[in-house]
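Colleague: Turn this into a structure:
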Amino acid sequence: MKLELRTPITCTKEEVLLCFQVNPAESRSIEPDREKFLGDLLKEIILPAGKYLFVQCRTAAALGQEEWLDMAIEQQKDGLWERHKPGDLLYIRHLYEDGAFVTQIFRPIT
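Modeller: Numbering: from 1, shown residues only. Next comes the predicted model:
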């Protein structure tokens, strides 16, 4: 889904926010190579305000990297199908809320 974040999100001690560069060669592919998809891990503690592709998953156990990477690739495919232009950053937010683990994926739209 498309989301407009009007104010930045600053993570608390109970949350984790990761920010990866997406490999530019894979960032606009409808069938990206999952082995080459993620680039460098950047140090981010704030999710900036802006327009994003957004997906969220609530589970009984925290998702591992393979699971959220699958979500990110599907998010890219859906975004491209809907004619959005995803940016080269990928934000992964992990938190525990209302008795469940939540993984949120934000991808800036350029």
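Colleague: any low-confidence regions in this structure?
Modeller: Scanning the chain for pLDDT under 70 picks out nothing.
Colleague: which helix is the longest one in it?
Modeller: As assigned by DSSP state H, the longest helix anywhere in the chain is helix 65-81.
Colleague: Which elements pack onto that helix?
Modeller: Applying 3 or more Cβ pairs under 8 Å, 6 or more residues apart in numbering; DSSP states H and E, one finds that helix 65-81 makes contact with helix 34-37, strand 50-59, strand 89-97, strand 100-108. All C-beta spots, glycine's among them, are computed from the backbone N, C-alpha and C.
Colleague: let's see it at 6 Å
Modeller: strand 50-59, strand 100-108 (3 or more Cβ pairs under 6 Å, 6 or more residues apart in numbering; DSSP states H and E).
Colleague: For residue 37, give its distance to residue 25.
Modeller: Between residue 37 and residue 25 the computed distance is 10 Å (Cβ to Cβ, to the nearest Å).
Colleague: Comparing these two, which shows the higher neighbour count?
Modeller: Applying other Cβ atoms under 10 Å to residue 37 and residue 25 shows that residue 37 carries more neighbours, namely 19 against 12.
Colleague: ok, now which ones touch that one?
Modeller: 23, 26 (Cβ atoms under 6 Å, 6 or more residues apart in numbering).
Colleague: Please shift the residue numbers so they start at 28 in all later answers.
Modeller: In the new numbering, first residue 28, that becomes residue 64.
Colleague: From residue 126, how far off is it?
Modeller: 31 Å.
Colleague: cool, and residue 47?
Modeller: In terms of Cβ to Cβ, residue 47 sits 28 Å off from residue 126.
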